[in-house]
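Enquirer: 3D, please:
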Amino acid sequence: MHESLPASEPVEDVTSETEWRERLCSGDEAAWAALHEAHYPRLWSSVNRILNNPSHTDDIVQEAFVKAHREIGRFQGQSRLGTWLYRIAVNQTLDFLRKQQRLDRWLSFFSPLRDKDDDTGSSNVVPEGAVEPTVTAGLHNAELRETIAAAIAELSPEHRAVVQLRLIDEMSLEETATLLRCKPGTVNSRLHYACEHLRRKLRHAVASA
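Expert: Below you'll find the model as predicted:
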């Protein structure tokens, strides 16, 4: 059994925290295992109270420990290790929720593009309120996410990048074009193709439901 980290020791016990920080920074695997053992249950409970989803909670807490391992060299000891870990886990959770909310908003109200490519250069390629409820009727949110994820995976890297940047990360047309080093019209064309592909997949999923 690994030695437990001093999670419950008084704040005044700075020496112990310093020693543990040095062991973690040196890559001591026993120290990392002890850190995980000591703090995983509390972090898991805290994250799951926010998400109410054990599967996502498992992923996020594990990602928090991975990030802690990667960034331990930047930890200055201004707070306790447990507090630092908790902050990482909460930030990971909030990042996940922000991305999920953007994705859910798009998936739940799947907005088709205009019938023809927008040659005006407008950044509002997917117009507000352009909802096509018959596309997603009959699919639950979980099924919708799975269908969309599978359809996106079938796209080329160039088309997936546009979907990610424009629809999920909500970047502007100009930002997306700059990042992908292509013309705004190319971004619109790729987005139009991607959404047509996704719409076909949704209709097929609804017909098969």
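
Enquirer: Tell me the spacing between residue 16 and residue 42.
Expert: 18 Å (CB to CB, to the nearest Å). From N, CA and C alone the C-beta is placed, and that goes for glycine too.

Enquirer: same check, this time on residue 68
Expert: For residue 68 relative to residue 42 (CB to CB), the value is 14 Å.

Enquirer: Tell me which of the two has more neighbours.
Expert: The neighbour comparison of residue 68 against residue 42 (other CB atoms under 10 Å) goes to residue 68, with 20 against 15.

Enquirer: quick one: the more buried one and residue 85 touch, right?
Expert: Yes. Between residue 68 and residue 85 there is a contact at 5.8 Å, judged by CB atoms under 8 Å.

Enquirer: Pull up the overlap in contacts between these two.
Expert: Common neighbours of residue 68 and residue 85, using CB atoms under 8 Å, 6 or more residues apart in numbering, are residue 35.

Enquirer: what's the average pLDDT for stretch 181-200?
Expert: For stretch 181-200, the mean per-residue pLDDT is 90.

Enquirer: oh, and call the first residue 38 from now on, that's how I've got it
Expert: Shifting the count to begin at 38 puts that one at stretch 218-237.

Enquirer: List the buried residues in that stretch.
Expert: Within stretch 218-237, the residues that count as buried by 16 or more other CB atoms under 10 Å are 219, 221, 224-232, 234-236.

Enquirer: And the longest helix along the chain, what does it pack against?
Expert: For the chain, the longest helix by residue count, based on DSSP state H, is helix 118-145. Here helix 118-145 touches helix 51-62, helix 66-88, helix 91-108, helix 178-190, going by 3 or more CB pairs under 8 Å, 6 or more residues apart in numbering; DSSP states H and E.

Enquirer: Let me know the angle separating it from helix 66-88.
Expert: 40 degrees (axes from the mean of the first three to the mean of the last three CA atoms, to 10 degrees).

Enquirer: per-residue confidence averaged over helix 118-145?
Expert: For helix 118-145, the per-residue pLDDT averages 77.

Enquirer: Of all the residues in it, which ones are buried?
Expert: So helix 118-145, judged by 16+ other CB under 10 Å, has buried residues 118-119, 121-123, 125-127, 129-130, 133, 137, 140, 143-144.

Enquirer: which ones are touching the nearest residue to residue 114 once chain neighbours are set aside?
Expert: Using CB to CB, 6 or more residues apart in numbering and skipping the chain neighbours, the partner closest in space to residue 114 is residue 58 (5.7 Å). Residues near residue 58 by CB under 8 Å, 6+ apart: 109, 112, 114, 118.

Enquirer: which ones are touching the second one?
Expert: Going back to what we said before, that points to residue 112. 58, 118, 121.

Enquirer: neighbours around residue 80, how many?
Expert: 24.

Enquirer: how near is the spatially closest residue to it that is not a sequence neighbour to residue 87?
Expert: Computed as CB to CB, 6+ apart, the closest residue to residue 80 that is not its neighbour in sequence is residue 126, at 4.7 Å. As judged by CB to CB, residue 126 and residue 87 stand 10 Å apart.
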